[in-house]
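sequence first, then the predicted structure:
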Amino acid sequence: MGLCFPCPGEAEPPSPDPEEKRAKLAEAAERRQREAASRGILDVQSVEEKRKKKEKLEKQIATSGLPPEGGLRWTVS
């Protein structure tokens, strides 16, 4: 019920190496970013594939100026 002092024969617990601590903090930050990016998404891989496909299509349109085959087709009835 108060301050607890270590026993006289015991040494202080070892503190983590600064480099090891930095690596763990960086890993935790990356994990939090991944979790935040996928929050609310059930199929993360599907969303990533769609995003990459959309970026590829936009890049192709920007470089060629023409929509690729299989784009929107208009018909008049």
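Structure's in. What do you need?

remind me which residues of this structure are low pLDDT?
Of all residues in the chain, those with pLDDT under 70 make up the ranges 1-2, 6, 9-13, 65-71, 73.

mind listing the helices for it?
With DSSP state H as the criterion, the chain has helices at 18-37, 44-64.

any chance of CSV for these, columns distance to Ser77 and mean neighbour count?
All C-beta atoms are positioned from the backbone trio N, CA, C, and that covers glycine. CSV is the format used below for these (distance: least, Cβ to Cβ, whole Å; neighbours: other Cβ atoms under 10 Å):
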stretch, distance to Ser77, mean neighbour count
helix 18-37, 44, 10
helix 44-64, 27, 11
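
want to throw these into TSV with distance to Cys7?
Shown next, in TSV, are those (distance: least, Cβ to Cβ, whole Å):
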stretch	distance to Cys7
helix 18-37	26
helix 44-64	50
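
closest one to Val76 among the ones you listed?
helix 44-64 (24.1 Å; Cβ to Cβ).

report the angle between the axes of that closest one and helix 18-37?
Counting by axes from the mean of the first three to the mean of the last three Cα atoms, to 10 degrees, helix 44-64 lies at 80 degrees to helix 18-37.

gap between helix 44-64 and the chain center?
With Cα atoms, centre = their mean, to the nearest Å as the basis, helix 44-64 stands 18 Å off its chain's centre.

nearest to Thr75, out of the helices of the chain?
Comparison of these against Thr75 by Cβ to Cβ identifies helix 44-64 as nearest, at 21.7 Å.

with only the CA atoms kept, save the closest one in PDB.
The C-alpha trace of helix 44-64 is given here as PDB (Å, rounded to 0.1, in the frame of the first residue of the first chain):
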ATOM      1  CA  VAL A  44      -9.600  -6.200 -48.500                       C
ATOM      2  CA  GLN A  45      -7.900  -8.000 -51.400                       C
ATOM      3  CA  SER A  46     -10.900  -7.400 -53.700                       C
ATOM      4  CA  VAL A  47     -10.900  -3.700 -52.900                       C
ATOM      5  CA  GLU A  48      -7.100  -3.500 -53.600                       C
ATOM      6  CA  GLU A  49      -7.500  -5.300 -56.900                       C
ATOM      7  CA  LYS A  50     -10.300  -2.900 -58.000                       C
ATOM      8  CA  ARG A  51      -8.300   0.100 -56.900                       C
ATOM      9  CA  LYS A  52      -5.300  -1.100 -58.900                       C
ATOM     10  CA  LYS A  53      -7.400  -1.800 -62.000                       C
ATOM     11  CA  LYS A  54      -9.000   1.600 -61.800                       C
ATOM     12  CA  GLU A  55      -5.600   3.300 -61.500                       C
ATOM     13  CA  LYS A  56      -4.300   1.300 -64.500                       C
ATOM     14  CA  LEU A  57      -7.300   2.300 -66.500                       C
ATOM     15  CA  GLU A  58      -6.900   6.000 -65.600                       C
ATOM     16  CA  LYS A  59      -3.200   5.900 -66.500                       C
ATOM     17  CA  GLN A  60      -3.900   4.200 -69.800                       C
ATOM     18  CA  ILE A  61      -6.600   6.800 -70.700                       C
ATOM     19  CA  ALA A  62      -4.200   9.700 -69.700                       C
ATOM     20  CA  THR A  63      -1.400   8.300 -71.800                       C
ATOM     21  CA  SER A  64      -3.300   7.400 -74.900                       C
END
